[in-house]
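Trainee: For reference, the sequence and a predicted model appear below.
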Amino acid sequence: MRVLLVHAHPSPDSFVSHLRDVLLGELGAGGHEVRHHDLWAEGFDPIFTADEKNTHLGDIAGKLERHPALVSHVEDLRWCEVLILTHPTWWCGQPAMLKGWFDRVLVNGVAWRLPDGANRIEPLLHNVRRFITITTYGSPRWVNAVQGEPGKRTALRSVRLMFGLRCRASRLAMYGLDGASPQRRVVFERRVRRRATRLR
């Protein structure tokens, strides 16, 4: 399968970055075609500019000419059959770097369009058949349940809608990472490996 893995963590030594490396190894061993964006390593600019805001319903080709750094991200998103996100959950949601990727790449003409006279957007990324989010939380599950899990809703209720009805979405989350034992980390890593090996 054609897999796009988008990674958002500033530290290459983090557990999330380790999980990203595990995924890349398993996907390669499974014979998948893989494209990978490490947003921090690439220096991706998450700032949604005034031009992008003022032309968000305009022509995507013209926008990409003015913002060429977005071209490879758009091409890879249109190419993939599987989209995997690896990131920590900070302040109840995705890091600003990944949220900026949502703002700047999942745009009109790429992820959705608004037909003339309509009041509901139409998803465009029907090529994405699987959507997988892998994340970690420093705090325990009950804390995040009280907070309402807004990051989970962003991924599985908003981003997910860009892929059409047949896309299968799943999420692996490790809670309480700050106090997790090495054994708990190994158990979660095994879950990540299994998810990668089951892609088809």
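Mentor: Yep, it's here. Numbering: from 1, shown residues only.
Trainee: tell me the strands in the chain, going along the chain?
Mentor: 2-7, 33-38, 82-89, 112-113, 122-123, 130-137, 168-174 (DSSP state E).
Trainee: Report the central residue of the chain.
Mentor: Nearest residue to the geometric centre of the chain (C-alpha atoms, centre = their mean): L85, 3.4 Å.
Trainee: Contact partners for it?
Mentor: Neighbouring residues of L85 by C-beta atoms under 8 Å, 6 or more residues apart in numbering: 5-8, 94, 98, 132-135, 155. C-betas here are computed from N, CA, C, even on glycine.
Trainee: Could you list everything it pairs with in the sheet?
Mentor: V6, T133 (DSSP bridges).
Trainee: Which one of the contacts of L85 is nearest to N144?
Mentor: T135 (10.5 Å; C-beta to C-beta).
Trainee: Next, count neighbours for that closest one.
Mentor: Counted with other C-beta atoms under 10 Å, residues neighbouring T135 total 26.
Trainee: I'd say it and I84 touch.
Mentor: No. Contact between T135 and I84 fails when scored by C-beta atoms under 8 Å: they sit 11.2 Å apart.
Trainee: Excluding sequence neighbours, find me the nearest residue to L172.
Mentor: The spatially closest residue to L172, leaving aside those adjacent along the chain, is I134, at 4.8 Å (C-beta to C-beta, 6 or more residues apart in numbering).
Trainee: pretty sure that neighbour is touching T89, no?
Mentor: No. Using C-beta under 8 Å, I134 is not in contact with T89; the gap is 10.7 Å.
Trainee: what about M174, neighbour count?
Mentor: 23.
Trainee: pretty sure it is touching S139, no?
Mentor: No. Contact criterion C-beta under 8 Å: M174 and S139 do not qualify, at 11.3 Å.
Trainee: Report the contact partners of the residue lying closest to F48 once chain neighbours are set aside.
Mentor: Excluding the flanking residues, the one nearest F48 by C-beta to C-beta, 6+ apart is D103, at 4.2 Å. Residues near D103 by C-beta under 8 Å, 6+ apart: 46, 48, 52.
Trainee: which one of those is nearest P12?
Mentor: Nearest member of the contacts of D103 to P12, counting by C-beta to C-beta, is P46, at 18.7 Å.
Trainee: For that closest one, which non-adjacent residue is closest in space?
Mentor: G100 (2.1 Å).
Trainee: now the one you found: how far from A69?
Mentor: 12 Å (C-beta to C-beta, to the nearest Å).
Trainee: Spit out the residues that contact these two alike.
Mentor: Contacts common to G100 and A69, judged by C-beta under 8 Å, 6+ apart, are 44-45.
Trainee: Please identify which of these two sits among more neighbours.
Mentor: Shown here are G100 and A69; by other C-beta under 10 Å, G100 has more neighbours (18 against 12).
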